[in-house]
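Asks: Sequence first, then the predicted structure:
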Amino acid sequence: MGLETREFIKVPKERVAVIIGSNGQVKSMIERETKTKLDINSEDGNIVITPTEETDDPLAVWKARDIVRAIGRGFSPTRALRLLDEGELLEIVDLTLFTNKSKNSLTRIKGRIIGAGGKTRKIIEEISGANISVYGHTVAIIGNVEQGRMAKEAIMMLIKGAPHSTVYSVLQKRKRAQKRKWTSWKTLGENQIGS
């Protein structure tokens, strides 16, 4: 297929080895699953993603880009490969946009999002269904639209200083509302099929 889409991406040098993987396994898996080619410069972290002769999905290069970006932002390759699934998205929040540029401010915000022993991040992941990675000056989120929205709302509340208990409560409410909505749609669908 004559797809000429090419993506250029830069990742932190310390994440290049994770993208390549042991004996090139992760790189090969990304290339195989997306039918793209990754040219990785381990010296500076620059990566070029191009389609191959086998590329049959017009979004393949973008999917590969998002997987590489996710690994570059701290996700494990296994979690990043979730982006291959239909409807899964990557969103990256730059925390420096919400700080006064001091290192202490950034550390405080990251600490609020991660929580003691990773508790807060884990709770947000469990309730929303999204995966979250706090790395450098960013928070990356992988999930479907609704999961991403719930996780981002919780993260933004924490950034703005909301108490953790309030954030958890809002997340639980959103989850219940989402469940009711899904149950209503399911019931409606079953009633229409039965008619």
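Replies: Structure received. Residues are numbered from 1 along each chain as shown.
Asks: which outside residues touch stretch 151-160?
Replies: 91, 93, 95, 98, 109, 112-113, 120, 124-125, 127-128, 130, 132, 139, 141, 143, 164, 166-167, 170-171, 174 (Cβ atoms under 8 Å, 6 or more residues apart in numbering). Every C-beta, even on glycine, is put in place using the N, C-alpha and C of the backbone.
Asks: run the last query once more with 7 Å
Replies: Here stretch 151-160 makes contact (Cβ atoms under 7 Å, 6 or more residues apart in numbering) with 91, 93, 98, 109, 112-113, 124, 128, 130, 132, 139, 141, 143, 167, 170-171.
Asks: So for those, which is the shakiest by pLDDT?
Replies: pLDDT across those is at its lowest for F98, which sits at 91.
Asks: which residues sit in contact with the residue positioned nearest the centre of the chain?
Replies: Centrality entry for the chain: nearest residue to the mean C-alpha point is I142, 2.6 Å, by Cα atoms, centre = their mean. Contacts for I142 (Cβ under 7 Å, 6+ apart) come out as 70, 75, 79, 82-83, 88, 90, 130-131.
Asks: what ranges of the protein fall below the confidence cut-off?
Replies: Scanning the chain with the threshold set as pLDDT under 70 gives 1-4, 184-195.
Asks: Strands of that one, start to end?
Replies: For the chain, the strands defined by DSSP state E cover 7-10, 36-41, 46-51, 89-94, 131-135, 138-143.
Asks: looking at those strands, which is buried most?
Replies: Highest mean neighbour count of the strands of the chain: strand 138-143, a mean of 24 (counted as mean count of other Cβ atoms under 10 Å).
Asks: This protein: helices as residue ranges?
Replies: Applying DSSP state H to the chain gives helices spanning 13-20, 25-34, 60-72, 77-80, 103-114, 119-128, 145-159, 164-194.
Asks: Dump these into TSV; add distance to R6 and mean neighbour count as well.
Replies: Formatted as TSV, these follow (distance: least, Cβ to Cβ, whole Å; neighbours: other Cβ atoms under 10 Å):
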stretch	distance to R6	mean neighbour count
helix 13-20	17	16
helix 25-34	14	18
helix 60-72	7	24
helix 77-80	20	18
helix 103-114	33	15
helix 119-128	33	18
helix 145-159	27	20
helix 164-194	38	12
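Asks: quick one: which of these is nearest P51?
Replies: helix 60-72 (5.7 Å; Cβ to Cβ).
Asks: Pull the residues that contact the closest one.
Replies: Contacts for helix 60-72 (Cβ under 7 Å, 6+ apart): 5-7, 9, 11-12, 15, 18-19, 30, 34-36, 38, 47, 49, 51, 77, 80-81, 83-84, 90, 140, 142.
Asks: got it, and stretch 163-178?
Replies: Under Cβ under 7 Å, 6+ apart, the answer for stretch 163-178 is 120, 123-124, 127-128, 146, 150, 154, 157-158.
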